[in-house]
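**Student:** this one's structure only:
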């Protein structure tokens, strides 16, 4: 490269950074938006968006904890909202700028983690249940079925302390959010009893092994299960009869954001039924937006994996923030399960 | 002259201070703080994180990590020594073979570990071929156990054993072997009494280069062990992620570093004239 070209390149770079359009920084879970949502927003509002992705709440939290991460909008799960608020990380949401909040399903209008929706806007919701191969007869219907000797070596649990301990608590008829040491110990004993029967603790990566038939039953998030069902007709999904954990993810505006008005415009855009529907359809998830649900293709909106009936929804339990003492005990119990 | 030298070393010093010493100091400070109510860090300063380490469960995890890393190192040596010996005597094909040893580094370790998962699965290549040949009826449980973890580590770190071994074996004076033969040593005796003692520096260097990264491994136990085996690396990772207990994670990291450092010092002491 000679000097002239170098200088031309440098001038080009400088020109890029002088782009007059405002820039919004959005940090979201991977595969959690339709591919054309961001381009559409950029075109309609004449702005630019820097879009980053993460794989876990902890990863996101570690980035934004310092208060100068450079992100404007992030998507914590419900039980992360309170800790973020306690650490002074959130900016208040101006409801008057978000008329489409009225489109949310009633159960997300006054959620217990943020009853007035002052800090968070429900986006999509994930639930954990059992995905299974339809060869299994009878199919699993309860958590207790995941302790079945006949499935030895052919089943997996999620590699996540809250999910595994939560499933054990549900098997015992207790709350997934229990912070009672005695109850947690009993749940741990269940997990240790189950461990020799398990092939492994796996998250989304178990999907391929379920489709290939290596694994017959897997503790799985409904969105991952839906992806498996999209690629194979042999896969089914069950919401266990004892109950199950539900994880609503919310959009929040960070306090550090220098463009809260633009961030509100983005939240408004995400709440628009057509946009929310496109996002749910592309991400294979459950929208919290009743207006969006109405315009989803019927085959998608009526599928029982992502949009179960009211009796199933009633069995679901929202994940809550665990208090620090219980959190530490749970971590300890998880380490013991893993080294058992 | 001296000033000039200082100037030339300045970039190195800057990098070392900002990218090595400063983060280490931060971790040291973290390890003496307290976990915040919702994660993060608060005061008071305390040594509680270090006291928790004395708990038998963490000592068990440490022991297990040593066991797995040790097994992987021994296997690397057993596999790597003949290979290094073969390459050192391969004449003008040496460079070709050496490139082949390094070839896997062209692809990411993560991708290569995934490749092993596809080989070892129930419906993977190995089980499918064995079943087609009629040697087995039910797939062997090759994936998600300690064996798979050790296999993954041996596969990943074998080149680190082969290269230093090759370096010492290549310099080995062939006349010594002829002398041993002339004095009546059978090939096996020549190997155990001449070649292996003379290549001890290479064996030590290779063992250190394999053992230390294996001890801190977290990707391999996670992917090939299926989360059923915890090594010290997984414990640390978990403290910084789901457990949100940075002080404890920092304390475990520093303890692991201290153990490795002590081991290194012991090894280097034993050896006259430096590491390699």
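**Tutor:** Cool, the structure landed. This one's a predicted model, so the numbers in the text were calculated from it and none came from an experiment.
**Student:** any idea how many residues pack against whichever residue of chain B sits closest to chain A?
**Tutor:** The minimum distance from chain B to chain A, using CB to the nearest CB, falls at residue B:226 (2.5 Å). Placement of C-beta: from N, CA and C, glycine included. If you count neighbours by other CB atoms under 10 Å in any protein chain shown, residue B:226 ends up with 23.
**Student:** now it. Nearest residue, chain neighbours left out?
**Tutor:** Setting aside the residues directly before and after it, residue B:226 is nearest to residue A:200 in space (CB to CB, 6 or more residues apart in numbering or on different chains), at 2.5 Å.
**Student:** the helices in the stretch 101-250 of chain A, which residues?
**Tutor:** A:161-171, A:181-194, A:206-212, A:222-231 (DSSP state H, counting those that start in this stretch).
**Student:** how about the stretch 51-200 of chain B?
**Tutor:** Under DSSP H, counting those that start in this stretch, the stretch 51-200 of chain B gives helices at B:56-88, B:94-102, B:109-120, B:125-132, B:146-171, B:174-182, B:187-190, B:196-198, B:200-215.
**Student:** can you list the ones you listed in CSV and add mean pLDDT, mean neighbour count and distance to chain A?
**Tutor:** Formatted as CSV, these follow (pLDDT from 0 to 100; neighbours: other CB atoms under 10 Å in any protein chain shown; distance: least, CB to the nearest CB, whole Å):
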stretch, mean pLDDT, mean neighbour count, distance to chain A
helix B:56-88, 94, 18, 6
helix B:94-102, 92, 13, 29
helix B:109-120, 91, 15, 8
helix B:125-132, 92, 14, 9
helix B:146-171, 94, 22, 10
helix B:174-182, 86, 12, 48
helix B:187-190, 85, 12, 42
helix B:196-198, 89, 12, 37
helix B:200-215, 92, 21, 16
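**Student:** which residues sit in contact with residue 242?
**Tutor:** Going with chain A. Contacts for residue A:242 (CB atoms under 8 Å, 6 or more residues apart in numbering or on different chains) come out as A:142-144, A:170-171, A:173, A:315.
**Student:** actually, chain B is the one I wanted.
**Tutor:** Counting by CB under 8 Å, 6+ apart, residue B:242 has contacts A:56, A:58, A:160-162, A:331, A:334.
**Student:** list buried residues within those residues.
**Tutor:** A:58, A:160-162, A:331, A:334 (16 or more other CB atoms under 10 Å in any protein chain shown).
**Student:** if we can go back for a sec, nearest to residue B:248, out of the helices of the stretch 51-200 of chain B?
**Tutor:** Minimum separation from residue B:248 across these (CB to CB) falls at helix B:56-88, 9.4 Å.
**Student:** picking that back up, what's across from the residue nearest to residue B:226 in the sheet?
**Tutor:** For residue A:200, the beta-bridge partners under DSSP bridges are residue A:156.
**Student:** what's the neighbour count on it?
**Tutor:** When neighbours are counted by other CB under 10 Å, residue A:200 registers 25.
**Student:** residue B:144 is in contact with that one, correct?
**Tutor:** Yes - under the criterion of CB atoms under 8 Å, residue A:200 makes contact with residue B:144 at 4.2 Å.
**Student:** what do these two both touch?
**Tutor:** Shared contacts of residue A:200 and residue B:144 (CB under 8 Å, 6+ apart): B:225-226, B:228.
**Student:** so which of these is the closest to residue A:300?
**Tutor:** Closest to residue A:300, out of all of those and judged by CB to CB, is residue B:226, at 32.5 Å.
**Student:** which SSE is residue A:53 in?
**Tutor:** Residue A:53 is part of strand A:48-54 when elements are defined by DSSP states H and E.
**Student:** near chain B, anything from that strand?
**Tutor:** No - Strand A:48-54 does not reach chain B (CB under 8 Å from any CB of the partner chain); its nearest approach is 11.4 Å.
**Student:** ok, that strand: who's next to it in the sheet?
**Tutor:** strand A:23-29 (parallel).
**Student:** tell me which residues in the strand it pairs with are buried?
**Tutor:** Using 16+ other CB under 10 Å as the test for burial, strand A:23-29 gives A:24-29.
**Student:** ok, then the element right after that strand?
**Tutor:** Immediately after strand A:23-29, counting by DSSP H and E, sits helix A:37-45.
**Student:** check which helices and strands that next one is in contact with.
**Tutor:** Secondary-structure packing of helix A:37-45 (3 or more CB pairs under 8 Å, 6 or more residues apart in numbering or on different chains; DSSP states H and E): strand A:48-54, helix A:260-271, helix A:273-283.
**Student:** possible to save the ones you listed as a markdown table with mean neighbour count?
**Tutor:** As requested, these are exported to a markdown table (neighbours: other CB atoms under 10 Å in any protein chain shown):
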| stretch | mean neighbour count |
| --- | --- |
| strand A:48-54 | 15 |
| helix A:260-271 | 20 |
| helix A:273-283 | 20 |
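**Student:** from chain B, how far out is the residue lying closest to residue A:313 once chain neighbours are set aside?
**Tutor:** Spatial nearest neighbour of residue A:313, excluding adjacent residues (CB to CB, 6+ apart): residue A:107 at 7.6 Å. In this view, residue A:107 and chain B are 25 Å apart by CB to the nearest CB, to the nearest Å.
**Student:** repeat for residue A:121
**Tutor:** In terms of CB to the nearest CB, residue A:121 sits 21 Å off from chain B.
**Student:** these two touch, right, residue B:71 and residue B:150?
**Tutor:** Yes - between residue B:71 and residue B:150 there is a contact under CB under 8 Å: 5.2 Å.
**Student:** got the contact list for the closest residue to residue A:221 other than its chain neighbours?
**Tutor:** Excluding its sequence neighbours, the residue lying closest to residue A:221 (CB to CB, 6+ apart) is residue A:126, at 5.1 Å. Residues in contact with residue A:126, defined by CB under 8 Å, 6+ apart, are A:221-223, A:246-249, A:285-286.
**Student:** at 6 Å what do you get?
**Tutor:** A:221, A:223, A:247 (CB atoms under 6 Å, 6 or more residues apart in numbering or on different chains).
**Student:** for residue B:230, same thing?
**Tutor:** Neighbours of residue B:230 in contact, by CB under 6 Å, 6+ apart: A:338-339, B:61.
**Student:** what's the answer for residue A:34, then?
**Tutor:** By CB under 6 Å, 6+ apart, the contact set of residue A:34 is A:278-279, A:282.
**Student:** and those as a markdown table, adding distance to residue B:103 and pLDDT?
**Tutor:** Shown next, in a markdown table, are those (distance: CB to CB, whole Å; pLDDT from 0 to 100):
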| residue | distance to residue B:103 | pLDDT |
| --- | --- | --- |
| A:278 | 45 | 96 |
| A:279 | 43 | 96 |
| A:282 | 39 | 95 |
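**Student:** want to throw those residues into CSV with distance to residue A:182?
**Tutor:** Below are the contacts of residue A:34 laid out as CSV (distance: CB to CB, whole Å):
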residue, distance to residue A:182
A:278, 47
A:279, 42
A:282, 44
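**Student:** quick check, distance from stretch B:155-172 to the centre of its chain.
**Tutor:** What separates the centre of stretch B:155-172 from the centre of its chain is 14 Å, taken as CA atoms, centre = their mean, to the nearest Å.
**Student:** that concludes my questions; thank you for your assistance.
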